[in-house]
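Novice: quick one: sequence plus predicted model below, questions after.
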Number of protein chains: 2
Amino acid sequence: MSAHADHGGPARRTLHNRVLAELGPAIAAGEVEPGHVFTLDRLERDYGVSRTVAREAVRVLESMRLVVSRPRTGVRVRPQAEWSVYDPQLIRWRLAGPGRMAQLRSLNELRAAVEPPAAASAARRAARAERDALVDVNRRMAEAGERGDLAAFLDLDIEFHRRILRLSGNEMFAGLSDVVAEVLTGRTTYQLMPHRPRPHALRLHAHVASAIHSGLPEVAEAAMRAIVIEVVAALDEADANAAGPPDAPGLTERG
Amino acid sequence: MSAHADHGGPARRTLHNRVLAELGPAIAAGEVEPGHVFTLDRLERDYGVSRTVAREAVRVLESMRLVVSRPRTGVRVRPQAEWSVYDPQLIRWRLAGPGRMAQLRSLNELRAAVEPPAAASAARRAARAERDALVDVNRRMAEAGERGDLAAFLDLDIEFHRRILRLSGNEMFAGLSDVVAEVLTGRTTYQLMPHRPRPHALRLHAHVASAIHSGLPEVAEAAMRAIVIEVVAALDEADANAAGPPDAPGLTERG
DNA sequence: GCGTACCAATAGTGTTACCAATAATTCGGA
DNA sequence: TCCGAATTATTGGTAACACTATTGGTACGC
């Protein structure tokens, strides 16, 4: 694994975090179904923790809108449609569970919607030094790709997209950096990426970088759109493969 | 005020919620600056609450990535760039504070990015009955607009956009319904809307509805794009007015 | 002088016990 | 049958205390 992981520190290892790390994924995966009710006592006994710890875990789940806690009733799991699906923690839980392909699809469609306008904004608003830095990241990315260093490539790819989202000057766009990072990481982890970056994709990334560098919003947007469209297509293809004959395993090599 | 408010129940009135309702906005508004450190003891004394309550409030703030809590150090406010900007609660806090115009701009750009693809998806994926229902909402919306019932119009406008996001079949898109609702409500609240819905905007909404109804993704996407582009333009104009001469007050009437 | 190892102070973390508030359920009376 | 009041299970809130991680200083040694 590489070092792109958590921007905000990898969640201190406290007891209530340990409870969260078990309860959260279970709810996210649907093992504990919406409508199900449990009590604090139950948590205390199941996880061997004190009331305080159980309550803090429930508070966090409640702030993610995964559960609602009421006197006399207990803690009820809310219907999926009410969850805070943008919570980074919840996204990670779902990517780790059985719904990961569906989650990747959703997130990719979100990327496809947001990144092109973000690239356009970056071309309009980014400061000179930042534009230079972006081109440099793109150069190192291409180098890593050419020498087949997939780990480095992934890190730089993430860095590339993260920068563009940040340079857009829109903090909502910037707030999706972690999501994009998860998606890119997930694609690699689940073998949805070619084993060697495709030259065409590399060229598109270079186009985006240079368009932003030259302050050409429309060009940057179009090039980014080409990138994300291809990613969506690759995912669809992977789905088709997965639904296909079992003697054609996770092979998505296309370069 | 109208009844579109909270889909998930208006946050039970508990003590730790009261603390959150004061601390959260203060941090969100920058009154308590990033880097600032406070202690649980401090919270206990300031708000006259027990340690348990103070801790639960901090846990929630921590899960929103607004603060980080560590032994021997205390509770430190994190830099803004690390906040979970998609948290509905945080969005509401910021919309209530001095940064509301900046927040509305960000959110509008997000809408502009997401809603057109969402409309396209809806035209592809929505079930028959849902398409009919959407057209019906649009009809009622037009009626409310024609008779100048702004409150009903706002509710139906929100309902309209919420449905499209849900019909897109992408839960990340659907997860933005509350955001869109806040933006639409905010625009009305802060007088950024014409006092009577503009006929052109009404026609565009009708186009979106009918394109989704007929299963025409490209048309739906284009029409929705026209809607959000106009909204962005209206916001820019409002900014210009606000920066203009003081004898031209918040007048953004354009119909 | 500089780095390392130890030590002590400090604040969060975790536990227990208990009482208050709340709301679903039940049961009785009109 | 329906309404309302008593019942009671469960969370909400308080208090006091032990545990432990972190840090900043200090003394020791190189």
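Specialist: Good, I have the coordinates.
Novice: for stretch A:182-201, how far is the first residue from the last?
Specialist: Using Cα to Cα, to the nearest Å, the end-to-end distance of stretch A:182-201 comes out at 19 Å.
Novice: er, stretch A:208-220 actually
Specialist: Start-to-end, stretch A:208-220 (Cα to Cα) is 5 Å.
Novice: got it, and stretch A:162-179?
Specialist: Chord length of stretch A:162-179, first to last residue, is 10 Å (Cα to Cα).
Novice: so for that stretch, what's the average pLDDT?
Specialist: For stretch A:162-179, mean pLDDT rounds to 96.
Novice: what sits closest to A:A223 if chain neighbours are left out?
Specialist: Using Cβ to Cβ, 6 or more residues apart in numbering or on different chains and skipping residues adjacent in sequence, the residue nearest A:A223 is A:H207, 4.0 Å away. In this view, the C-beta of every residue, glycine as well, is placed from N, C-alpha and C.
Novice: confidence score at that neighbour?
Specialist: On the pLDDT scale, A:H207 gets 97.
Novice: that one and DNA strand D: what is the separation?
Specialist: Going from A:H207 to DNA strand D by Cβ to the nearest atom of the strand, to the nearest Å gives 44 Å.
Novice: neighbours of that residue, how many?
Specialist: Other residues within reach of A:H207, judged by other Cβ atoms under 10 Å in any protein chain shown, total 19.
Novice: in this structure it contacts A:V219, no?
Specialist: Yes: assessed by Cβ atoms under 8 Å, A:H207 is found in contact with A:V219 at 7.2 Å.
Novice: residue contacts, the spatially closest residue to A:S214 that is not a sequence neighbour?
Specialist: Of all residues not flanking A:S214 in the chain, A:A123 sits nearest, at 7.8 Å (Cβ to Cβ, 6+ apart). Residues in contact with A:A123 (Cβ atoms under 8 Å, 6 or more residues apart in numbering or on different chains) are A:211-212, A:214-217, A:219-221.
Novice: check A:G35 too.
Specialist: A:76-77, A:79.
Novice: one more: A:L15?
Specialist: By Cβ under 8 Å, 6+ apart, the residues touching A:L15 are A:49, A:53.
Novice: model confidence for it, exactly?
Specialist: Looking at A:L15, its pLDDT stands at 97.
Novice: state the pLDDT value of whichever residue of the stretch 51-200 of chain A sits closest to chain B.
Specialist: Ranking the residues of the stretch 51-200 of chain A by distance to chain B (Cβ to the nearest Cβ) places A:Y86 first, at 3.5 Å. Here the pLDDT value assigned to A:Y86 is 96.
Novice: nearest spatial neighbour of it, chain-adjacent residues omitted?
Specialist: The shortest distance from A:Y86 to any non-neighbouring residue, by Cβ to Cβ, 6+ apart, is to B:Y86 (3.5 Å).
Novice: and that neighbour, how many neighbours?
Specialist: Using other Cβ under 10 Å, B:Y86 has 23 other residues around it.
Novice: contact partners of the strand or helix carrying A:S210?
Specialist: Assigned by DSSP states H and E, A:S210 belongs to helix A:199-213. With contact meaning Cβ under 8 Å, 6+ apart, helix A:199-213 is reached by A:119, A:122-123, A:126, A:131-132, A:134-135, A:137-138, A:141-142, A:145, A:157, A:160, A:164, A:167, A:217, A:219-220, A:223-224, A:226-227, A:230, A:255.
Novice: let's go with 6 Å and repeat that
Specialist: Identification of contacts with helix A:199-213 by Cβ atoms under 6 Å, 6 or more residues apart in numbering or on different chains yields A:119, A:122-123, A:131, A:134-135, A:138, A:142, A:145, A:219-220, A:223-224, A:226-227.
Novice: identify the farthest-apart pair in these.
Specialist: A:A123 and A:G145 (23.3 Å; Cβ to Cβ).
Novice: contact partners for the residue of chain A found nearest DNA strand D?
Specialist: For chain A, the residue closest to DNA strand D is A:T39, as judged by Cβ to the nearest atom of the strand, at 3.3 Å. By Cβ under 6 Å, 6+ apart, the residues touching A:T39 are A:G74.
Novice: distance check, it against A:A57.
Specialist: Separation of A:T39 from A:A57 (Cβ to Cβ, to the nearest Å): 13 Å.
Novice: how about the residues of chain A near chain B?
Specialist: Contacts of chain A with chain B, taken as Cβ under 6 Å from any Cβ of the partner chain, map to A:8, A:56, A:59-60, A:63, A:65, A:82, A:85-86, A:106, A:109-110, A:113-114, A:117, A:170-172, A:175.
Novice: on that earlier part again, buried only: go through the contacts of A:G35 for me.
Specialist: Buried members of the contacts of A:G35, scored by 16 or more other Cβ atoms under 10 Å in any protein chain shown, are A:V77.
Novice: would JSON lines of the contacts of A:G35 with pLDDT be doable?
Specialist: Formatted as JSON lines, the contacts of A:G35 follow (pLDDT from 0 to 100):
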{"residue": "A:R76", "pLDDT": "98"}
{"residue": "A:V77", "pLDDT": "98"}
{"residue": "A:P79", "pLDDT": "97"}
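Novice: what's near enough to touch the nearest residue to A:V114 once chain neighbours are set aside?
Specialist: Excluding the flanking residues, the one nearest A:V114 by Cβ to Cβ, 6+ apart is B:A113, at 4.9 Å. B:A113 is in contact with A:113-114, A:117, counting by Cβ under 6 Å, 6+ apart.
Novice: correct me if wrong: A:M141 contacts A:D155.
Specialist: No: using Cβ atoms under 6 Å, A:M141 is not in contact with A:D155, being 9.1 Å away.
Novice: so those two - more neighbours on which side?
Specialist: Using other Cβ under 10 Å as the criterion, A:M141 and A:D155 rank with A:M141 on top: 24 against 20.
Novice: ok, the more buried one - contacts?
Specialist: Residues in contact with A:M141 (Cβ under 6 Å, 6+ apart) are A:156, A:160.
Novice: host element of it?
Specialist: Using DSSP H and E, the element containing A:M141 is helix A:128-146.
Novice: for A:V75, same thing?
Specialist: For A:V75, the element it lies in under DSSP H and E is strand A:74-77.
Novice: in terms of secondary structure, what does that strand contact?
Specialist: Applying 3 or more Cβ pairs under 6 Å, 6 or more residues apart in numbering or on different chains; DSSP states H and E, we find strand A:74-77 packed against strand A:37-38, strand A:67-70.
Novice: pick the most buried one from those strands.
Specialist: strand A:67-70 (a mean of 18; mean count of other Cβ atoms under 10 Å in any protein chain shown).
Novice: what secondary structure does the residue nearest to A:Y86 sit in?
Specialist: Using DSSP: H, G, I helix; E, B strand; the rest coil, the structure places B:Y86 in coil.
Novice: got phi/psi on it?
Specialist: Backbone geometry at B:Y86, expressed as degrees, to the nearest 10, gives phi -90, psi 0.
Novice: measure it to B:A240 for me?
Specialist: In terms of Cβ to Cβ, B:Y86 sits 29 Å off from B:A240.
Novice: the residue nearest to A:Y86 against A:P88, yeah?
Specialist: No: with contact defined as Cβ under 6 Å, B:Y86 does not reach A:P88; the gap is 8.9 Å.
Novice: how much space between A:H200 and A:H207?
Specialist: Per Cβ to Cβ, A:H200 is found 11 Å from A:H207.
Novice: all helices for the stretch 51-200 of chain A, in order.
Specialist: A:51-63, A:88-96, A:100-125, A:128-146, A:150-167, A:171-174, A:177-189, A:199-213 (DSSP state H, counting those that start in this stretch).
Novice: would you single out the least confident of those?
Specialist: Of all these, helix A:177-189 has the smallest average pLDDT, which comes to a mean of 87.
Novice: give me the contacts around it.
Specialist: By Cβ under 6 Å, 6+ apart, helix A:177-189 touches A:4, A:88, A:95, A:104, A:107, A:154, A:157-158, A:161-162, A:165, A:193.
Novice: so what pLDDT did the most far-flung residue of chain A relative to its centre get?
Specialist: Distance to the chain centre peaks in chain A at A:R72, reaching 37.8 Å (criterion: Cα atoms, centre = their mean). pLDDT recorded at A:R72 is 95.
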